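> need a structure here:
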Amino acid sequence: MKFVLPPIESAADIAAAMKAVTSALAGGLITPGEAAAIAAVVDTFVRAIETSDFERRLQLVEADHFNQPGEAADMSGAGPNGYHHNP
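Numbering: from 1, shown residues only. Take a look at the predicted model:
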């Protein structure tokens, strides 16, 4: 019988994947070395998801910042890039 890792498409899928790994290990379906290798693959997915989520959040913040330049101006009216915004 082969071990099948459940699909990992989002952070919500990580717990199910690791539960499947630990269950397979406990049931003798995979060895501790195989479990470690699979866990390393899952860890790679976790990092990819975190990077993707961070990039998405950063784009949202940047889009919001550039859509509201007046709010980024300091007391002199200069924004963080040194340019003045004239509404």
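> in the longest helix anywhere in the chain, what's buried?
Looking across the chain with DSSP state H, the single longest helix is helix 32-67. Neighbour-count burial for helix 32-67, counted by 16 or more other CB atoms under 10 Å, picks out Ala35, Ile38, Val42, Phe45, Ile49. C-beta coordinates here come from the backbone N, C-alpha and C atoms, glycine included.
> do stretch 15-22 as well
Using 16+ other CB under 10 Å as the test for burial, stretch 15-22 gives Ala17, Met18, Ala20, Val21.
> What distance do you get for the residue positioned nearest the centre of the chain to Ile14?
Taking CA atoms, centre = their mean as the criterion, Glu50 is the residue nearest the geometric centre of the chain, at 1.5 Å. As judged by CB to CB, to the nearest Å, Glu50 and Ile14 stand 10 Å apart.
> just Phe3 next, same as before
Phe3 is 17 Å from Ile14, where distance means CB to CB.
> Then Ala37?
On the measure of CB to CB, Ala37 and Ile14 end up 16 Å apart.
> chain center to stretch 17-32: distance?
If you compare the mean C-alpha spot of stretch 17-32 with that of the full chain, they lie 25 Å apart, counting by CA atoms, centre = their mean, to the nearest Å.
> Now that stretch - C-alpha only, CSV.
In CSV, the C-alpha atoms belonging to stretch 17-32 read as follows (Å, rounded to 0.1, in the frame of the first residue of the first chain):
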residue,chain,number,x,y,z
ALA,A,17,-1.3,16.7,5.5
MET,A,18,0.7,16.4,8.7
LYS,A,19,-2.0,14.4,10.4
ALA,A,20,-1.9,12.0,7.4
VAL,A,21,1.9,11.7,7.8
THR,A,22,1.8,11.0,11.5
SER,A,23,-1.0,8.5,11.1
ALA,A,24,0.9,6.7,8.4
LEU,A,25,4.0,6.7,10.6
ALA,A,26,2.1,5.4,13.6
GLY,A,27,0.4,2.7,11.5
GLY,A,28,3.7,1.5,10.2
LEU,A,29,2.9,2.5,6.6
ILE,A,30,6.0,4.7,6.4
THR,A,31,9.3,4.8,8.2
PRO,A,32,10.5,7.6,10.4
